[in-house]
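Student: got a predicted structure here, sequence first:
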Amino acid sequence: MMDLDEVDHNILRALMSDARMSSKALGEKLGLSQPATWRRIKRLKDAGVIKGRRLLLNREKLGLGVTVFLGIKLATKGRVSLEDFERAVSAIPEVLSVEHILGLYDYRLKVVARDIPDFERILRRRIMTLPGAGQVEANVLLSEERRRGPI
Amino acid sequence: MLDDVDRRILRQFQASPEASVAELAERCALTTASCWRRLEKLESSGVILGQEAIVDWQVLGFAVEVSLRVTLDKTQTTAFDEFINKARDVPEVLEIQTFLGRIDVRLSVIARDMAHYQDVYRTRILSLPHISDIEALMHVARIKSDEILPI
């Protein structure tokens, strides 16, 4: 675990809202020299605190109007079936994320589709046919916001 | 509207958001100038929204992640807004999503350990307004998390 000071927190906050900011612009904003800012960013990256960046795209403008979260319960369990399921589900391009969870469901999937009929096609042809897939619960996403977290 | 070249650029850019315009151009078999022009257009038309740094909360010592599925008391017309406004004040809340389905809102909450989670849950979450039911799913592992859109 890494100890961060207030300056590191400010750098993380700034990069979480705009990862493209140069170390020069960021330094000016925070009252640091460009080399000092660069060193701190490098340290955060080397330690794995910053593990990469994500390109943010407007899903509607790309024709992907529907996002659905699926809770999936496996019908059959055992190590082999988990691995088979995970491999098969991760290979579906419309599945953006797969999380293994504990509780009511075994897996949580985030799925994008062009529209509801397209979602139905993905659900029937790709999700329901996955090895071991049992009960499925769907919740259609209406809005989503990411917060900056406890820093 | 997007053409095939735009889609090719977005696919490459999603896969490596840190790439320079020159690198992207090369991968898409375009000149740097035309790739740059297309990127400008994708940005001004709002297809590209920006870039965010991805922070690894585990490295920062937040080992516990819980998904809280909340049902609200919808007899109160302002339930959604008031709940979400208050949830934004809890620093440990990383994501707020609203749904059409069996659940109304989902909060993604992180904590240093189970004792910390228990404290956040009791003092900050249970005091949020208009909750009629709440269900916790414990996060075990992330199998796929790239959030790469099928373009």
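Tutor: Received, thanks. Numbers count the residues shown, from 1 in each chain, chains lettered A, B, ... in the order given.
Student: in chain B, which strand is the longest?
Tutor: strand B:131-144 (DSSP state E).
Student: can you check chain A too?
Tutor: strand A:133-146.
Student: what helices and strands are in contact with that strand?
Tutor: strand A:66-74, strand B:93-100 (3 or more C-beta pairs under 8 Å, 6 or more residues apart in numbering or on different chains; DSSP states H and E). For the C-beta atoms, the positions are set from N, CA and C on the backbone; glycine is no exception.
Student: ok, the worst-scoring helix or strand of chain B on mean pLDDT: who's next to it in the sheet?
Tutor: Across the helices and strands of chain B, the lowest-confidence element by mean pLDDT, DSSP states H and E is strand B:131-144, at a mean of 92. In the sheet, strand B:131-144 lines up against strand A:95-102 (antiparallel), strand B:64-72 (antiparallel) (DSSP bridges).
Student: what bridges to the residue in chain A positioned nearest to chain B?
Tutor: Of all residues in chain A, the one sitting closest to chain B is A:Asn139 (3.3 Å; C-beta to the nearest C-beta). Here A:Asn139 sits in beta bridges with A:Phe69, going by DSSP bridges.
Student: so it sits right up against A:Phe69, yeah?
Tutor: Yes. With contact defined as C-beta atoms under 8 Å, A:Asn139 reaches A:Phe69; the gap is 4.9 Å.
Student: so the helix or strand of chain A with the lowest mean pLDDT versus strand A:95-102, what angle?
Tutor: Lowest by mean pLDDT, DSSP H and E among the helices and strands of chain A is helix A:79-90, with a mean of 85. Going by axes from the mean of the first three to the mean of the last three C-alpha atoms, to 10 degrees, helix A:79-90 is angled at 150 degrees with respect to strand A:95-102.
Student: so does helix A:79-90 get close to chain B?
Tutor: Yes. With C-beta under 8 Å from any C-beta of the partner chain as the criterion, chain B is reached by helix A:79-90 at A:Glu86, A:Val89, A:Ser90.
Student: per-residue confidence for residue 97?
Tutor: In the absence of a named chain, chain A is used. Looking at A:Ser97, its pLDDT is 95.
Student: not quite, go with chain B.
Tutor: With respect to pLDDT, B:Gln97 has a value of 96.
Student: to the chain's geometric centre, what's the distance from the least confident helix or strand of chain B?
Tutor: 15 Å (C-alpha atoms, centre = their mean, to the nearest Å).
Student: tilt between it and strand A:66-74?
Tutor: For strand B:131-144 against strand A:66-74, the angle by the same axes, to 10 degrees is 80 degrees.
Student: residues of strand B:131-144 that come out buried?
Tutor: B:Ile131, B:Ile134, B:Ala136, B:Leu137, B:His139, B:Ile143, B:Lys144 (16 or more other C-beta atoms under 10 Å in any protein chain shown).
Student: taking chain B, what residue is nearest to chain A?
Tutor: For chain B, C-beta to the nearest C-beta, closest residue to chain A: B:Gly101, 3.3 Å.
Student: my guess is that residue meets A:Leu142, correct?
Tutor: No. The criterion here is C-beta under 8 Å, and B:Gly101 misses it with A:Leu142 at 9.4 Å.
Student: can you add mean neighbour count and distance to A:Asp118 and give the helices and strands packed on strand A:133-146 back as a markdown table?
Tutor: As requested, the helices and strands packed on strand A:133-146 are exported to a markdown table (neighbours: other C-beta atoms under 10 Å in any protein chain shown; distance: least, C-beta to C-beta, whole Å):
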| stretch | mean neighbour count | distance to A:Asp118 |
| --- | --- | --- |
| strand A:66-74 | 20 | 7 |
| strand B:93-100 | 19 | 17 |
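Student: contact partners for A:Phe119?
Tutor: Going by C-beta atoms under 8 Å, 6 or more residues apart in numbering or on different chains, A:Phe119 touches A:Val66, A:Val68, A:Val111, A:Ala113.
Student: dihedrals phi and psi, the residue lying closest to B:Leu30 once chain neighbours are set aside?
Tutor: Nearest residue to B:Leu30, sequence neighbours excluded (C-beta to C-beta, 6 or more residues apart in numbering or on different chains): B:Val5, at 7.1 Å. Main-chain torsions, B:Val5, degrees, to the nearest 10: phi -70, psi -40.
Student: and B:Val5, what's its pLDDT?
Tutor: The model's pLDDT for B:Val5 equals 95.
Student: give me the residue at the spatial middle of chain B.
Tutor: B:Glu95 (6.2 Å; C-alpha atoms, centre = their mean).
Student: skipping adjacent residues, who's closest to that residue in space?
Tutor: Going by C-beta to C-beta, 6+ apart, B:Glu95 has B:Ser108 as its nearest residue, at 3.9 Å.
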